[in-house]
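**Student:** Task: produce atomic coordinates for the following.
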Amino acid sequence: MADDPLTVKALEKIAAYEAEVTRLKIFVNEADKLNGLEPRFGDLSTATAVGPIAAARGGQKRWQAGEFFNKPLSTVVRQILLARAETAGGPAPASVDDIHDALTQGTFNFETSGVEAQKNSIRISLGKNSAAFVRLPNTDLFGLVEWYGKKPGKPGRKSSAEGEQTADTSGEAQDTSEPSEGDASQERDAA
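**Tutor:** Sure thing, here's the model as predicted:
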């Protein structure tokens, strides 16, 4: 039997209040430890503390089964990151583990089997899609380009937009292309 919307809303509020109480109890316990005291809330286990804390900090959202089924990876990862940012009130990069958990909840159709292979696939796909995603340096966190900007290119490398131009040491572009047949005939006519 499904609960009516009012009951669901009340249950969500209860869960949010419980998560906040747990978060505050953990804070007090940590303060007690720093002050050399015995933690006053011994009823907190690590397992119960991690879930609510993660939800309170990272803006964890529960995804519905089937929500990501047959959708492109970049589309759903963008959706996940935007939902995190909305909850956090600003940019909220996600680890590959967090992204994988969300994809699994939404029953994303991975092309590989095995959790580590799936996570590696996420890492590679997001890393290659530098137009949309940014990997934060020295981490396993990914965010959106619109939050952080594009990663600067490496000096001395040419992009396809630069054509046949390369940079010399003075920083000025030089044309390294061979003269075309039309250029050669113009030079003969000028002489």
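**Student:** and V134, helix, strand or coil?
**Tutor:** With DSSP: H, G, I helix; E, B strand; the rest coil as the basis, the three-state label of V134 is strand.
**Student:** quick one, what contacts R40?
**Tutor:** Neighbour list for R40: V28, N29, D32 [criterion: C-beta atoms under 8 Å, 6 or more residues apart in numbering]. From N, CA and C alone the C-beta is placed, and that goes for glycine too.
**Student:** Give me the phi and psi angles of the nearest residue to L141 once chain neighbours are set aside.
**Tutor:** In space, not counting the residues next to it along the chain, L141 is nearest to P93; the distance is 4.1 Å by C-beta to C-beta, 6 or more residues apart in numbering. Listed backbone geometry of P93 is phi -60, psi 160, with angles given as degrees, to the nearest 10.
**Student:** shaky segments in the chain?
**Tutor:** By pLDDT under 70, the low-scoring segments of the chain are 1-3, 8, 44-60, 151-191.
**Student:** rerun at 50
**Tutor:** 45-59, 159-188 (pLDDT under 50).
**Student:** Tell me who's in contact with the residue nearest to V134 when sequence neighbours are not counted.
**Tutor:** Residue nearest to V134 in three dimensions, not counting chain neighbours: Y148, with 4.8 Å by C-beta to C-beta, 6+ apart. With contact taken as C-beta under 8 Å, 6+ apart, Y148 is in contact with P91, V134, L136.
**Student:** If you count neighbours, what's buried in stretch 109-120?
**Tutor:** Neighbour-count burial for stretch 109-120 flags F110, Q118, K119 (criterion: 16 or more other C-beta atoms under 10 Å).
**Student:** An error on my part: the question was meant for stretch 26-39.
**Tutor:** Buried residues in stretch 26-39, counted by 16+ other C-beta under 10 Å: I26, N29.
**Student:** ok, now stretch 14-23?
**Tutor:** Buried residues in stretch 14-23, defined by neighbour count with 16+ other C-beta under 10 Å: A19, T22.
**Student:** And for stretch 72-88?
**Tutor:** With burial defined by 16+ other C-beta under 10 Å, the residues of stretch 72-88 counted as buried are L73, V76, V77, R78, Q79, I80, L81, A83, R84, A85, T87.
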